[in-house]
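Chemist: need a structure here:
(one chain, ligands or ions: 1)
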Amino acid sequence: MTKYCLTVTCLSTRGIVAAISTYLAAKGCNITDSSQFDDAETGRFFMRVSFVSEQGVGLKELGEGLAPAAEEFDMTYAFHDEASKMKVVIMVSRFGHCLNDLLYRWRIGALPIDIVAVISNHMDYQKVVVNHDIPFHCIKVTKENKPEAEARIMAVVEENGAELVILARYMQVLSDELCRRMSGRIINIHHSFLPSFKGANPYKQAFERGVKLIGATSHYVTADLDEGPIIEQDIIRVTHAQSPEDYVSLGRDVESQVLARAIHAHIHRRVFLNGNKTVVFPASPGSYASERMG
Ligand SMILES: Nc1nc2c(c(=O)[nH]1)N[C@@H](CN(C=O)c1ccc(C(=O)N[C@@H](CCC(=O)O)C(=O)O)cc1)CN2
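Modeler: Residues are numbered from 1 along each chain as shown. Model prediction:
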C-alpha cells in the first residue's frame, strides 16, 4: 500500500480537520499519523497527515479531489509520496564533519535523500564525494566573481532538479537574489546557539564571552545572515578550562546531529514556515527506522 502525507496550511476555522478526514476516508485512505497546530498569534492553522491508500488512489487524483474543500478554506496544500526521495545538493567549505555525517547517514539508508551533487569552494572533499559516486563541483568564490559563481551554483541545482540545498558548513554569504529564488529550500547549520554569536567565528565569540553552554542551530537561509527561521537547535556544556579549539571539537557532533535532525524533519514534510518562525511536527512512528540493518 502506498504511504502518503498531506500538508495543509490556511486560516484557522471550524471544520478543517473534519473536511480532510472525511475526504481521505471517502477516498479509501486510512490515516496513520496526524499532527495539527492552531497559531493563536497569527490565526493560521497547520496540519500534516500520514495515510495509506487502501484502494490504490494516486497523487493526481488525491490532489484534484481535495480542490473544492481547499477552495472553501483557502488552503495551501500538497500531497507527497513518502517513498520518493528528495533531490538535494550539499554545499561545504573547509570543515567536512557535517558532510561526512550526511554521507554516512545517506549510505546506511538513515536519511532517505537523493544527493545529486556536492558543491564546494575548495577541493578538500573532492575524493570522498567522488568515492560515493556523487558528482563534485568546485566553484571558487571571490568578491569579484560572486554573481558568476552563484549562477554556476544555480545551474547545478536546476540541471539536477534539486529541491533542497544543504549548507553543511559552507562559509560564503549567499546573495539576496539567490536567497529569494531558493526561499524555504536552503537549510544551513550555524555553529552557535542562535541568536547568540552570529557570523563566521561564533566559537571565538563564545570563548571571549565566557559562556557555559555552546550549541548549534539549523535554519532556513534568508538574505539576513543567521536570521532565518529556526528548524532545530541543541547545546553542550563547556567549562572555564576549555579553549576555543576545544569548543570546535565539542561542536562537531552537535552541529552534525542538529543538521541531520533538521534535514530529516524537512524531507518528511514536518516543517512549516510560519512568518520568520517554523512549526515542526514530531516524527511519525517508524520514520527513523528506515536504516538498513548491519
Ligand atoms: N544569505 C545567507 N548566506 C549564508 C548564511 C545565511 O544565513 N544567509 N549562512 C552562512 C553560514 N554562516 C554561518 O552559519 C556564515 C558563513 C560565512 C560568514 C562570513 O562572514 N563569510 C565571509 C567569508 C568567510 C570565509 O571566506 O571564510 C564572507 O562571506 O565574506 C558568516 C556566516 C552561509 N551563507
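
Chemist: just so I have it, where are all the strands in the stretch 151-294 of the chain?
Modeler: Assigned by DSSP state E, counting those that start in this stretch, the strands in the stretch 151-294 of the chain fall at 164-167, 186-190, 213-220, 230-237, 271-274, 277-280.

Chemist: Please name every helix or strand in contact with the one helix or strand residue 66 maps to.
Modeler: Using DSSP states H and E, residue 66 falls within helix 59-73. Other elements packing on helix 59-73 under the criterion 3 or more CB pairs under 8 Å, 6 or more residues apart in numbering; DSSP states H and E are strand 3-11, helix 16-26, strand 76-81. The C-beta positions use only the backbone N, C-alpha and C, and glycine is treated the same way.

Chemist: Sort out which residues of it are buried, please.
Modeler: 62, 65, 66, 69, 70, 73 (16 or more other CB atoms under 10 Å).

Chemist: sorry, back to before: just name the most buried of the helices and strands packed on helix 59-73.
Modeler: strand 3-11 (a mean of 19; mean count of other CB atoms under 10 Å).

Chemist: Grab the CA positions of that strand and hand them over as PDB.
Modeler: Output in PDB follows, covering the C-alpha atoms of strand 3-11 (Å, rounded to 0.1, in the frame of the first residue of the first chain):
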ATOM      1  CA  LYS A   3       2.200   5.700   2.000                       C
ATOM      2  CA  TYR A   4       1.400   9.400   1.500                       C
ATOM      3  CA  CYS A   5       1.400  12.500   3.500                       C
ATOM      4  CA  LEU A   6      -0.700  15.600   3.200                       C
ATOM      5  CA  THR A   7       0.500  19.100   4.300                       C
ATOM      6  CA  VAL A   8      -2.100  21.900   4.800                       C
ATOM      7  CA  THR A   9      -2.000  25.400   6.000                       C
ATOM      8  CA  CYS A  10      -4.700  28.000   6.000                       C
ATOM      9  CA  LEU A  11      -6.500  30.500   8.200                       C
END
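
Chemist: can you give me the angle that strand makes with strand 76-81?
Modeler: If you take axes from the mean of the first three to the mean of the last three CA atoms, to 10 degrees, strand 3-11 sits at 170 degrees to strand 76-81.

Chemist: which stretch among the helices and strands packed on helix 59-73 comes nearest the ligand?
Modeler: strand 3-11 (23.8 Å; CB to the nearest ligand atom).

Chemist: so that closest one versus helix 59-73, what angle?
Modeler: Going by the same axes, to 10 degrees, strand 3-11 makes 20 degrees with helix 59-73.

Chemist: Many thanks, we can stop here.
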